[in-house]
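Asks: Just a sequence and a predicted model for now, questions to come.
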Amino acid sequence: MGHVVEDLGGAMELYRRLGFTLPPPSVPAMPPREGAPPEPFGAANTHADFPRGFVELVTAVRPGVGSLPPDVHLVPLEAPPEVLPQLVRRISGTSAGLAALLDRFEGLHILMLAAPDIDAAAARLTSGGERHGGVNSVRCPARTEAGDTVVETVSYLELDGEGPGGAQGRVAEGRVGAVAELDPAIQGPRVLDHPNGAVDLVDAVLCVPDDELEVWSERYGSRLGRSYREEGPARVFDLGPRGCGVTLVPASGLGKVLPGEAGPVAAGEGALGLPGEEALGMSGAGVSASPGEGVAVLAPALPVFVAYAVAVRDLAAARDLLDANGFHPRRTASGDVFVPAAEALGAAVVFRQA
C-alpha cells in the first residue's frame, strides 16, 4: 500500500506516533552537472515493513515544495552510460506521476498485490482485457538474514489506463499492479518491531461511486481471480488464509463501514466538514452535503483508496497507544479501531485484532 505525502518528514513523525517503526528514507541522487555533488531527485520513500509486505510512505522530490528529513539516505545512481539516460527518465517519470497524484489529494494512491507467479498473473490480466506494461524487473543491493549483501531482483507490473490513450502505469484509482512475492531471506531483516503491535497488512479499502459498484466488483473480481462476499454495504475479496483482502465500498456506505468518514477532500478545497463551515457539493463525487451539515466532501473523482488495515497482536494496547499519542480513534461495527483520515494525512488507518 502506498501513502503519497507532501512532507515526508512530517509524515514519518505522524506514522511513528501511530506506532510504526520506520527506517531512514532513501532517495536517488545524481550530480546536476559534472563535478557537482549528488543531489536528490525523483521520489523519496520509506516503509513500515511486515513479513510479507509493507506500507510505503513516498513523496515526489520537487524543488521548493515540501522537504526531506535530515537522515535521508542518498542512493547515487550507478548504471552503464548507455543505460543511465533511460533510468533517469524512468525515475523522473515516476516522480511526475507522484506529483500528479499529490495534486489530486494527499493520501492512498498505490496498491501492489503479491503474485506467486508474476508471469502467470500478467497472462491472466491480459486475457481478462486489462492493459499493462508487462513484467519489469529492478535490481538493487540488499542484506540477507545472514548479514550478507546480495543483489535483489524485484519483478512487477503496473496496470495502464483504459483505451489506446490510457495513462501508462496509472488507472482511475491510482497506481495498481502486482509484484512477485518477496524473498523471506531478504525481507526478514527489514521487518522491525512496531510499538503498535502491527504484524501484517491485511486490507485495502476502495471507495467507488454507487452506480458503478457492479462495474468495479466485476473489474476487481477479474483482476484478483476471486469472487466477493458481502459485508454490510461493502464487498470483500478474500485473498488468502491470513485474512487479507481488498474491500470495495459504495460512497453512500462509507460512513457505515468507517463511521464518520466521507472520503478524502479534493486538493484546493480546504478542510471542510467543521461545525458551522459550509460544505460544497461537487458533481460526480457520489457524496455531497448541504451548507451546515458538517460532512466532508469526497474528492471529485471516484474511485479512491480511503483506508488500509493492519493486524495487531493486542488491539486494546494499540488503542491505548493511539490515545496516549493524541489521536481520536473510532470503532467500526465489527470492532476494529481506526484513526480517521483527517488525522492521518488523508488515509484512515484501521487496526484489527490478529
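Replies: Here it is on my side, so go on.
Asks: Look at residue 135 and say how many residues are nearby.
Replies: Neighbour count of residue 135, defined by other CB atoms under 10 Å: 18. C-beta coordinates here come from the backbone N, C-alpha and C atoms, glycine included.
Asks: got the contact list for it?
Replies: By CB atoms under 8 Å, 6 or more residues apart in numbering, the residues touching residue 135 are 118, 119, 122, 155, 156, 157.
Asks: Among these, name the ones in strands.
Replies: 155, 156, 157 (DSSP state E).
Asks: Just the pLDDT for the last one.
Replies: Per-residue confidence (pLDDT) for residue 157: 92.
Asks: For beta bridges, what are the partners of it?
Replies: residue 178 (DSSP bridges).
Asks: Looking at the contacts of residue 135, spot the one nearest residue 3.
Replies: residue 156 (18.2 Å; CB to CB).
Asks: Go through the longest helix anywhere in the chain and flag the buried ones.
Replies: Across the chain, the longest stretch assigned as helix under DSSP state H is helix 84-104. Counting neighbours by 16 or more other CB atoms under 10 Å, one finds that the buried residues in helix 84-104 are 87, 88, 91, 94, 95, 97, 98, 99, 101, 102, 104.
Asks: and if you look at stretch 30-38?
Replies: residue 30.
Asks: just for the stretch 51-200 of the chain, where's the confidence low?
Replies: Residue ranges of the stretch 51-200 of the chain with pLDDT under 70: 63-67, 78-79, 87, 139-149, 163-166, 186-188.
Asks: hmm, try it at 50
Replies: Residues of the stretch 51-200 of the chain meeting the criterion pLDDT under 50: none.
Asks: mind listing the helices in it by residue range?
Replies: For the stretch 51-200 of the chain, applying DSSP state H, counting those that start in this stretch gives helices covering 84-104, 118-127, 184-187.
Asks: Present those helices as TSV; the columns should include distance to residue 134.
Replies: Conversion of the helices of the stretch 51-200 of the chain to TSV gives the following (distance: least, CB to CB, whole Å):
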stretch	distance to residue 134
helix 84-104	14
helix 118-127	7
helix 184-187	24
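Asks: Tell me which of these lies nearest to residue 228.
Replies: helix 118-127 (17.5 Å).
Asks: Give me the residues contacting the closest one.
Replies: Counting by CB under 8 Å, 6+ apart, helix 118-127 makes contact with 115, 132, 134-135, 155-157, 159, 178-180, 223, 225, all of which sit outside it.
Asks: biggest separation within the contacts of residue 135, which pair?
Replies: It's 119 and 156 that sit farthest apart of the contacts of residue 135, by CB to CB, at 11.7 Å.
Asks: Please identify which of the two sits among more neighbours.
Replies: residue 156 (16 against 13).
Asks: Would you agree the more buried one is in contact with residue 178?
Replies: Yes - applying CB atoms under 8 Å as the test, residue 156 and residue 178 come out as touching, 6.7 Å apart.
Asks: any shared contact partners between these two?
Replies: With CB under 8 Å, 6+ apart as the test, residue 156 and residue 178 both reach 112, 118.
Asks: From residue 52, how far out is residue 92?
Replies: 31 Å (CB to CB, to the nearest Å).
Asks: quick one, phi/psi of residue 251?
Replies: phi -50, psi -40 (degrees, to the nearest 10).
Asks: distance of it from residue 106?
Replies: Where residue 106 is concerned, residue 251 sits at a distance of 19 Å (CB to CB).
Asks: for residue 234, same thing?
Replies: 24 Å.
Asks: Can I get the helix or strand hosting residue 307 in PDB? Just the C-alpha atoms.
Replies: Taking DSSP states H and E as the definition, residue 307 sits inside strand 304-312. The C-alpha trace of strand 304-312 is given here as PDB (Å, rounded to 0.1, in the frame of the first residue of the first chain):
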ATOM      1  CA  VAL A 304     -10.300   6.400  -4.400                       C
ATOM      2  CA  PHE A 305      -8.500   4.300  -1.800                       C
ATOM      3  CA  VAL A 306      -9.700   5.600   1.500                       C
ATOM      4  CA  ALA A 307      -8.200   3.200   4.100                       C
ATOM      5  CA  TYR A 308      -6.000   0.200   4.800                       C
ATOM      6  CA  ALA A 309      -5.900  -2.200   7.800                       C
ATOM      7  CA  VAL A 310      -3.100  -3.800   9.700                       C
ATOM      8  CA  ALA A 311      -3.400  -6.700  12.100                       C
ATOM      9  CA  VAL A 312      -2.100  -6.200  15.600                       C
END
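Asks: how much does that strand deviate in direction from helix 84-104?
Replies: Orientation note: strand 304-312 sits at an angle of 100 degrees relative to helix 84-104 (axes from the mean of the first three to the mean of the last three CA atoms, to 10 degrees).
Asks: Extract the residue ranges of the stretch 201-350 of the chain that are flagged as low pLDDT.
Replies: Using pLDDT under 50, the flagged stretches of the stretch 201-350 of the chain are 266-300.
Asks: any idea where the strands of it begin and end?
Replies: Secondary structure of the stretch 201-350 of the chain (DSSP state E, counting those that start in this stretch): strands located at 229-231, 234-238, 245-250, 304-312, 330-331, 337-339, 348-353.
Asks: Minimum distance to residue 70: which of those strands has it?
Replies: Smallest distance to residue 70 across those (CB to CB): 25.4 Å, for strand 348-353.
Asks: That's all I had, so thanks and see you.
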